[in-house]
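Asks: Here is the input, now give the coordinates:
(2 chains)
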Amino acid sequence: MPLFLNEEQTMLRDAAQQFVAEAAPVSHMRGLRDAGDATGFSRDLWKQFADMGFTGILIPEADGGLGLGHVEAGVVLEEVGRNLSPSPFLTTAVAAVEALKGSALAQRWYPGILAGETVAALAIDERAKHGNAVAMKAERSGNGFKLTGTKQFVTHGHAADLLLVAARTAGSPEDDAGVTLFAVAKDAAGLTADPQRLADASLAARMTFDGVEIDADAVIGEIDGGRAVLARLLAAGRTGVAAEMLGVGGGAMDMTVGYLKERKQFGVPIGSFQALQHRAAHLYAEMEVARAAVLKAQQLLDAGDAQASEAVNVAKAMAGLASTLAVQEGVQMHGGIGMTDEYDIGFYMKRARVLAEMFGDANFHADQFARANGY
Amino acid sequence: MSELDTFRAQTRAWLEENVPHSMRQPVRGEGDANWGGRKADYSKNPDQKLYMDRMASRGWTVPDWPTEYGGGGLSPAEAKILREEMGRIKARNPLNSFGISMLGPALLKYGTEEQKLEHLPKIARGEIRWCQGYSEPNAGSDLAGLQTSAVPDGDDYIVNGQKVWTSYADKADWIFCLVRTSKESKQGGISFLLFDMDSPGVSTKPILLISGYSPFCETFFDNVRVPKKNRIHEENKGWDVAKYLLGHEREMISGMGLAGPGGNPLIEGAIATIGLNDRGELADPLLRGQLALFEVRSKAFRAMSERFIDELKAGRAHPAQPSMMKYYGTELNKSRHELVMASGGSDALEWESERSNHGAAPRAWLRTKANSIEGGTSEVQLNIIAKRILELPGA
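Replies: Okay, the predicted model is just below:
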């Protein structure tokens, strides 16, 4: 399979490009922020994502979805990134859909996701830095389990209908075995969400589970064998974030290159100065390499290839490095106006920082890569 | 089974049977690679010749060239499968050749049928080793400022002047050379000539480099007689050929950022010198982090190379994209060798000992410093990206 978008994927990209730019441009995000919006995204927009068929991209055709793959999901996510569109697409239609795939719970949650009514959030992180440890306790209780502990950086956690929660049914925090993944409905007793506004104006909750009672049928996959499901969820999530970062970095780069052509100093466009040309050209190279790494990971995930896991580490790390460079160079090359709230480039810097941290930063993924390669 | 699956199975079987075992390991230094040509000495390693001849018999030294010119006539998908299957058994490149990587593509595009039939099959079989006469003492990054002259004399040109940084000129059989046929126009007064390095009036002088090796020469032309029929493309249109060929040179150099097939000498070397701690991590945590972040970039660039080749074969690559590849690949390769040196510590400083394979690591490290200079400096590549891809205004 060649490492570029095929004809159908290119058509999807064109449709997504047009739709997202019209329905949720940067001004949409700015409007929600200025209004102090408490949801973190527009439910109308989520409906429109469903009308476009986007929420069913990764849902099998037999379940009413489009039965497409991570390349296609990434095409949409890149446009979400480029427009800084607040959307539960990544957590719901990508990560949650992948986690539920093939389980008995898919039938319960897929219809709402397909309809653009259900929103899912991922309660994975327990510390400020993403890691592999899972400490939250899930104790046997009656016919089910009782969850106790805290989670943080749960994007859409306060607004979600469905929470995917990683908890420990056996062993100690670092163990691979003994993790179980649960699908928890939002109204569970003992569950509180404390939404926090982040630097990029998005909302992520700190969540407290105070003896939350869960039925046994809320278990996704095997009890104590949740790592496999979690790995699938995270592979999808990480690859998805990487694609979104391509959009954020690419959007910042395009905006910056455009500015270099317009802005005049000393009577000439500043883009004619070699010092700035070289910075821009270097950035272009980094973004191109990141794009290739992300597409590679998407294709390998779609093919079920054994190399996918390493490729996902590379994609998330490389997209993080390149998009971080893009937003830094973006603000620097915009000069003073880049520091103003009125100008959009600062939004790109904030969003890139949040995405760089999500599901592990570049150092985390480089560390995982090294470990997998025996050093 | 699809046609491609069949091709893969047949290719795998043929390679298993025909690639000598000594050719299934990484090349150990520049002296261990096969460059072919009239002056090649196979007495130390006859497998090099055997392997090259077997591959050439199928056209697989140049898998995607047309069969009538000695190529394999493979489709892009088949060529990719061949690369993958060679990588699977760690088969090395059967023939390193500027004829293949640079002149060949230019001949295919600009050569006459007679010129193609004369030169391409000999390139494919490794019979003639080529060198490139581009840079001059006063024409480096400003290549079009070259002054070596070619004055018409009947059916010939008389060539006078000097080239520099001519790779392996002392080992090459023929040269493809940029000469000035008109002073009316800078870029529009250049022609592209081919001639035999044994022609009277050609002499070479190796340049000793910081690596202790002399891969480059000064090359002198004193009234060298070159038949006009050896000119590629029209007179004074040689710059078109030169630019086209430089794109291919950049593709070739950009491949340097990639680790070879099988194994990872950088990481293996670091583990051998530094060791692992009880958690299985390289015992030097800062170096481990640097290596891991480097490897992330290196793997990402491997994907970029695959994407670039796929886009190139499909005619979808931006024409200036080779500049990006050349820039990134060469800078990455320099980083790789800095890390080799940092991982090797004082072991990697030995210059002559047997245990250091005569200073292979430090000499290779020094050699890579030229990567971002030769074939257009990194700064020239960034200029090209800025102007042609980002379309930023000229100064």
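Asks: Next, give phi and psi for the residue of the stretch 51-200 of chain A found nearest chain B.
Replies: Residue of the stretch 51-200 of chain A nearest chain B, by C-beta to the nearest C-beta: residue A:174 (11.4 Å). In short, each C-beta sits where N, CA and C put it, glycine included. Backbone torsions of residue A:174, given as degrees, to the nearest 10, read phi -80, psi -10.
Asks: Quickly list the domain ranges of chain B.
Replies: B:3-96, B:130-236, B:258-389 (automatic domain parsing).
Asks: nearest to residue A:283, of the ones you listed?
Replies: Closest to residue A:283 of the domains of chain B is domain B:258-389 (C-beta to C-beta; 9.8 Å).
Asks: Average pLDDT for stretch A:189-202, rounded please.
Replies: In this model, stretch A:189-202 carries a mean pLDDT of 97.
Asks: now do stretch B:10-30
Replies: 90.
Asks: returning to that earlier point: the residue of the stretch 51-200 of chain A closest to chain B reaches residue A:168, doesn't it?
Replies: No: using C-beta atoms under 8 Å, residue A:174 makes no contact with residue A:168, being 10.4 Å away.
Asks: more neighbours, the two?
Replies: residue A:168 (23 against 10; other C-beta atoms under 10 Å in any protein chain shown).
Asks: mind showing which ranges of the stretch 251-375 of chain A have poor pLDDT?
Replies: Applying pLDDT under 70 to the stretch 251-375 of chain A flags no residue at all.
Asks: got the buried residues for the helix or strand containing residue B:152?
Replies: In this structure, residue B:152 is located in strand B:149-153 according to DSSP states H and E. Across strand B:149-153, burial judged by 16 or more other C-beta atoms under 10 Å in any protein chain shown covers B:149-150.
Asks: Which residues does the helix or strand of chain B with the lowest mean pLDDT contact?
Replies: Least confident helix or strand, chain B: helix B:238-254 with a mean of 81, by mean pLDDT, DSSP states H and E. The contact list for helix B:238-254, computed with C-beta atoms under 8 Å, 6 or more residues apart in numbering or on different chains, reads B:101-103, B:105-106, B:109-110, B:132, B:134, B:143-144, B:176, B:178-179, B:181, B:187-188, B:190-193, B:232-233, B:305, B:308, B:312, B:319, B:322-323, B:325-326, B:328-330, B:371, B:374-376, B:381.
Asks: please redo it, this time with the cut-off set to 6 Å
Replies: For helix B:238-254, the surrounding residues in contact (C-beta atoms under 6 Å, 6 or more residues apart in numbering or on different chains) are B:101-102, B:105-106, B:110, B:178, B:187, B:190-192, B:232-233, B:322, B:325-326, B:329-330, B:375.
Asks: Now which of those would you call buried?
Replies: The buried subset of the contacts of helix B:238-254 - by 16+ other C-beta under 10 Å - is B:101-102, B:105-106, B:110, B:178, B:190-192, B:232-233, B:322, B:325-326, B:329-330, B:375.
Asks: Helix, strand, or coil at residue A:199?
Replies: coil (DSSP: H, G, I helix; E, B strand; the rest coil).
Asks: mind listing what the residue of the stretch 51-200 of chain A closest to chain B touches?
Replies: residue A:133.
Asks: Any residues of chain B in contact with chain A? List them.
Replies: Counting by C-beta under 6 Å from any C-beta of the partner chain, chain B comes close to chain A at B:267, B:271, B:282, B:292-293, B:296, B:299-301, B:303-304, B:306-307, B:310-311, B:324, B:327-328, B:382, B:385-386, B:390, B:392-393, B:395.
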